[in-house]
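J.: After the sequence you'll find the predicted model.
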Amino acid sequence: MLLAVDIGNTHIVTGLLDPNGDVLLSFRVSSNEKLTEDEYFSYLKNICDFNGVEIKKLNGIVISSVVPNLIGIFQFLGRKYFKIEPMIIDLTLKLPFTFAENLQINGFGADRIIDIAQAVIDYPNRNLVIFDLGTATTYEVLKDGVYIGGGILPGIEMSINALFGNTAKLPKVKFSTPESILGKNTAEQIQAGIFYGYAGQLKNIIHEIKKIVPDPYIIATGGLGKILFAEIQEIDEYCPELSIRGLYTLYQMNK
Ligand SMILES: Nc1ncnc2c1ncn2[C@@H]1O[C@H](COP(=O)(O)OP(=O)(O)O)[C@@H](O)[C@H]1O
Ligand SMILES: CC(C)(COP(=O)(O)O)[C@@H](O)C(=O)NCCC(=O)O
Ligand SMILES: [K+]
């Protein structure tokens, strides 16, 4: 059984996968640099026990992180509780895709690597666009199996927090699908502006990409992807477990 850990700037998404790559369970905890390996292990143990997953069957750990300080915690956890040295996702690993020659990929996010790796495995014969909506939103573009570039923009909740944090009178609202583009009060107007503004950003990004890449298959993932997927017809599929399955794929390719 494989422990796959996707460390983002807001959440750590953890998956337990069986030898066939089926996700037995996954859960989220906050990305907190004060978390010790013991505290995190207690989350892991309790959630596995509750779900009847025998943690003693663990024989591999793989970690993707975009928060450098949090990698050490899981290395300690692997060594201390399982006597396993975790595999860390980085550009030195064997990958099921290549980068275009003209790109400077130093520092490329490990979360982006695992998303791309899984998407090209799932859709080997398609041009691809992958949106990952988390703390930040990223998009990746692949043409004929080659990563030709992408983009990064403030995440949805980051935009909500910026609006709240930089104004005296605006409340912090929960991101949700508004009833109308026309809000009837301040909170509804923030929700409408954020929701339709964000949907518009992604639609325009897709429109611009389609000028370069014909007929792409468009995937959304990440914690905030589900709501936008429902709103944007151009997005073909919402794959909530893309990152976790990408960790499994890269582990199998590099163990
Ligand atoms: N099941 C969930 N529980 C809590 N938050 C969720 C859940 N699903 C999505 N979210 C939202 O997803 C966001 C984090 O998305 P995620 O892709 O994990 O971010 P990152 O990878 O940047 O840490 C949170 O801010 C939260 O609003
Ligand atoms: C863009 C990101 C912050 C997104 O991370 P997340 O929203 O998942 O926390 C992350 O992919 C990152 O730190 N990237 C490094 C820079 C790059 O990919 O070019
Ligand atoms: K993410």
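T.: Noted; the coordinates are in hand. Numbering: from 1, shown residues only. Ligands and ions are numbered 1, 2, ... in the order given.
J.: the strands in the chain, which residues?
T.: Listed in chain order, the strands of the chain (DSSP state E) span 2-7, 11-17, 23-30, 60-65, 87-88, 98-99, 128-133, 136-143, 146-154, 217-221, 237-238.
J.: Averaged pLDDT, the fourth one. What do you get?
T.: It stands for strand 60-65. In this model, strand 60-65 carries a mean pLDDT of 98.
J.: Can you show me the CA trace of the helix or strand of the chain with the lowest mean pLDDT as PDB?
T.: The helix or strand of the chain with the poorest confidence is helix 225-231; it has a mean of 93 (mean pLDDT, DSSP states H and E). Taking C-alpha atoms only, helix 225-231 is exported to PDB below (Å, rounded to 0.1, in the frame of the first residue of the first chain):
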ATOM      1  CA  GLY A 225     -12.300  23.100  -9.100                       C
ATOM      2  CA  LYS A 226     -15.700  21.500  -8.600                       C
ATOM      3  CA  ILE A 227     -17.800  24.700  -8.600                       C
ATOM      4  CA  LEU A 228     -16.100  26.200 -11.600                       C
ATOM      5  CA  PHE A 229     -16.300  23.000 -13.600                       C
ATOM      6  CA  ALA A 230     -20.100  23.200 -13.300                       C
ATOM      7  CA  GLU A 231     -20.100  26.800 -14.600                       C
END
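J.: Quick one: residues in contact with that helix.
T.: 131-133, 156, 175-177, 195, 198-199, 202, 220, 235, 237-238, 240 (Cβ atoms under 8 Å, 6 or more residues apart in numbering). Backbone N, C-alpha and C define where each C-beta goes, glycine included.
J.: do stretch 192-199 as well
T.: With contact meaning Cβ under 8 Å, 6+ apart, stretch 192-199 is reached by 156, 159-160, 163, 173, 175-178, 180-183, 227-228, 231-232.
J.: For PyMOL, write the selection for the buried entries among those.
T.: In PyMOL syntax, the buried subset of the contacts of stretch 192-199 is picked out as below (16 or more other Cβ atoms under 10 Å):
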select buried, resi 156+159+160+163+173+175+178+183+227+228+232
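J.: Would you pull up how far the least confident helix or strand of the chain lies from the middle of the chain?
T.: What separates the centre of helix 225-231 from the centre of its chain is 14 Å, taken as Cα atoms, centre = their mean, to the nearest Å.
J.: do stretch 125-135 as well
T.: For stretch 125-135, the distance to the chain centre is 10 Å (Cα atoms, centre = their mean).
J.: Show me what counts as buried in it.
T.: 126-135.
J.: ok, now which ones touch Pro86?
T.: 5, 61-63, 74-75, 78 are the contacts of Pro86 under Cβ under 8 Å, 6+ apart.
J.: Quick check: the two most widely separated of those residues?
T.: Spatially, the most separated pair among the contacts of Pro86 is Val62 and Gln75, at 11.7 Å (Cβ to Cβ).
J.: With neighbour numbers in mind, choose between these two.
T.: The residue with more neighbours, out of Val62 and Gln75, is Val62; 29 against 16, by other Cβ atoms under 10 Å.
J.: for that one, what are its contacts?
T.: Val62 neighbours (Cβ under 8 Å, 6+ apart): 2-5, 86-89, 247-248, 250-251.
J.: what do you get for Ala136?
T.: 9, 152-155, 158 are the contacts of Ala136 under Cβ under 8 Å, 6+ apart.
J.: do the same with Leu153
T.: So Leu153 contacts 136-137, 201 (Cβ under 8 Å, 6+ apart).
J.: residue in the stretch 1-150 of the chain nearest to ligand 2?
T.: The nearest approach of the stretch 1-150 of the chain to ligand 2 comes at Gly109, 2.4 Å away (Cβ to the nearest ligand atom).
J.: ok, so of the contacts of Leu153, who is nearest Glu37?
T.: Ala136 (26.6 Å).
J.: Not counting its neighbours along the chain, what's nearest Ile61?
T.: Pro86 (3.9 Å; Cβ to Cβ, 6 or more residues apart in numbering).
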